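**Q** Predicted structure and sequence below. I'll ask about it afterward.
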Amino acid sequence: MLVPVFTLKLHQKIYPRLVTVGKFDGIHPSIAAATTGGKIFIHRPHSHTQTEYTGRMAGGTSGLDLDCVFLNIGQHITSLSAGSLGHDGKDLLFVGTANNLLAYDVENNQDVFHKDVPDGVNAICVGVTARNVEPLVYVGGNCSIQGYDARGEDVFWTVTGDNVLSLMIFDFDSDGENELLVGSNDYDIRVFKEDQMVSEISETDAVIGLCPVSDSKFGYSLANGTVGVYDKLSRYWRIKSKNQSLSLFSYDLDNDGVPELITGWSSGKIDARNCKTGEVVYKDTFPSPIAGIVTADYRLDGVEQLIVCSTDGEIRGYIPAAKELRGQLMDVSLEQKIFQELNQKKLQLLQEIKNYEQNEKEPRHLAGKQTIQPGIDNEEGSIGIIPANTQLNSSLIVSPGSADNQSDPHVVLTISTTNGTFIHMVVVFAESLFEEGESLVVHPPENKRSDQIMIPLAPPKDIPIDLHIKIYVGHKNTQQYHVFELTRQLPRFALHTQFNNETTDPVSTVSFPLQERTSRIVMWLNQNFLLTDKITLTNVLKLKLLSLRTKSPLFIQFNPDQSQNLIIQTDNIELA
């Protein structure tokens, strides 16, 4: 079992997500963290050059506090980071508040620059992106990202869709140049090359954490307790917890040459997961929530330690496992884990055999019946076997809602059986669809069960959503069900419907040349809208749509004979 190589108890409260590490003297690593009273403490056990404290800095008074210095910021601290902007090898401490960014030279006890940031400083990262020669400090605030150089000059600025919650510098597309990844409050991860957005990933909640893992893989965490790993635009895995992720880092804890994703949770748990499968390879527990995770050679022995800080001031350091401990980082050995998995599989197989034996005892002639009269308490109602030709039909239809506002606009998912067998329950799994969680269970009461079920779905945003559906089918009074699985995709613009009524044309228009055949445009429209009548191929394509969510019109026109052949009319700039 892996154990910490050192433990410190500083008796200082540490605020979550406000922990960093830097070599402020250019040689020795020091931990910096936000604490109470608008202050930052810097734990630097290897550096004692400062004897007199003036200005923002004050020294500790007793015990381990003698290794700490305190910086008085005087404002609520919203973000904290460290990094070098110059060529002297020394790291600066960057402190973000609601309206300011401070670059502080800890070694010389002086401000390097202090900038007003009206959009706020929610996230900070330091590094080189794209074709920039010098490193910049990037600051994310309310719908904007700014970059400052070593002189405090604002040399980079761009906008993003919503409030920025996380930033990361990372070679996303493996082209040898770093991109800027931005996690925001509108559930999106955006990738910027210089000031242009080149990729976008939609998630299910606010993106509160990002960290590089290896090659083109990176980890992410959401406000709803989800943690996962992407490789470029493809998601490897994700898990969801009832607790919230407070810190995310990558570190090769099991010493296999591949970093694990390290997560610190609000419950005080820390776990390390295989970056390809999400399997837990190690876990430990603190008595209080995890405030931050960093890495540094804190013992100055040439080995980078994984350093975990909790909100009550406890700090633990871990090193990669020895070769003989590979696969046995936790109390449960590899052999015990395999035995548990095989035993669980054995129990599942025994239950299946029991079900088959029970069905074999029933009259065999009943199993051959091909039609069932719905609503009738048939003789075969208690057995689990259903006709072999049982199939399911499914459809998606747009509903504008009721005129009296009793129901909002939605999409109706209809599922029915082909031979009158009953649908007892439906489970729909989908991301970014339901207000709470990622699944919906529909279980009609016994007196309302039939061979058809209708489920209203209301997508909150214009994004494509994959629906993974499990349908429990059986006879009326059966205790055993056959589970059918279906996959459907809810189109991106599912809550737009065709209309022919006279309406005010949208004022705003976007037009541009598109080198595509009309047939390809028609195919795209049929795939991305739930249209009552499929669009047919014509020379000039004109489509009038109404957004049921915002009640605003959307006009699309494609004329291959014009230079600006695609015209989109809408007053919604985000939709355009």
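**A** That came in fine, so what should we check first? On a predicted model such as this, the values are computed, not experimentally measured, just so you know. Residues are numbered from 1 along each chain as shown.
**Q** Okay, and K346 sits in which element?
**A** helix 334-360 (DSSP states H and E).
**Q** got it, and K544?
**A** Here K544 is assigned to strand 541-547, by DSSP H and E.
**Q** what are the bridge partners for the closest residue to Q305 other than its chain neighbours, then?
**A** Spatial nearest neighbour of Q305, excluding adjacent residues (CB to CB, 6 or more residues apart in numbering): G317 at 4.1 Å. From N, CA and C alone the C-beta is placed, and that goes for glycine too. For G317, the beta-bridge partners are F6, I307 (DSSP bridges).
**Q** Likewise for A123?
**A** Bridge pairing for A123 - DSSP bridges - gives G140.
**Q** Please report the distance of it from I208.
**A** 9 Å (CB to CB, to the nearest Å).
**Q** Overlap of the contact sets of the two?
**A** Residues touching both A123 and I208 (CB atoms under 8 Å, 6 or more residues apart in numbering): 165-166.
**Q** When the two are compared, which one has more neighbours?
**A** Shown here are A123 and I208; by other CB atoms under 10 Å, A123 has more neighbours (27 against 23).
**Q** got the contact list for that one?
**A** Here A123 is in contact with 79, 96, 139-140, 164-167 (CB under 8 Å, 6+ apart).
**Q** From V303, how far off is it?
**A** 30 Å.
**Q** okay, the contacts of A123 in CSV with distance to K276 next?
**A** What follows is the contacts of A123, written out as CSV (distance: CB to CB, whole Å):
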residue, distance to K276
S79, 31
G96, 34
V139, 33
G140, 29
V164, 29
L165, 26
S166, 23
L167, 25
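**Q** which one among the residues you listed gets closest to L413?
**A** Nearest to L413 out of the contacts of A123 is L165 (CB to CB; 32.7 Å).
**Q** Output the helix or strand harbouring that closest one as PDB, nothing but the C-alphas.
**A** Using DSSP H and E, L165 falls within strand 154-170. What follows is strand 154-170 as a C-alpha-only set of coordinates in PDB (Å, rounded to 0.1, in the frame of the first residue of the first chain):
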ATOM      1  CA  ASP A 154      -2.300  44.000 -22.300                       C
ATOM      2  CA  VAL A 155      -1.100  42.200 -25.500                       C
ATOM      3  CA  PHE A 156      -3.900  39.700 -25.900                       C
ATOM      4  CA  TRP A 157      -7.600  40.000 -25.800                       C
ATOM      5  CA  THR A 158     -10.500  37.800 -27.000                       C
ATOM      6  CA  VAL A 159     -14.100  37.100 -26.100                       C
ATOM      7  CA  THR A 160     -15.800  33.800 -25.100                       C
ATOM      8  CA  GLY A 161     -19.400  32.700 -24.700                       C
ATOM      9  CA  ASP A 162     -19.800  33.000 -20.900                       C
ATOM     10  CA  ASN A 163     -18.100  33.500 -17.600                       C
ATOM     11  CA  VAL A 164     -14.700  31.800 -17.600                       C
ATOM     12  CA  LEU A 165     -14.100  29.300 -14.800                       C
ATOM     13  CA  SER A 166     -11.000  27.500 -15.900                       C
ATOM     14  CA  LEU A 167      -8.000  28.000 -18.200                       C
ATOM     15  CA  MET A 168      -5.200  25.600 -19.500                       C
ATOM     16  CA  ILE A 169      -2.300  26.000 -21.900                       C
ATOM     17  CA  PHE A 170      -2.000  22.700 -23.900                       C
END
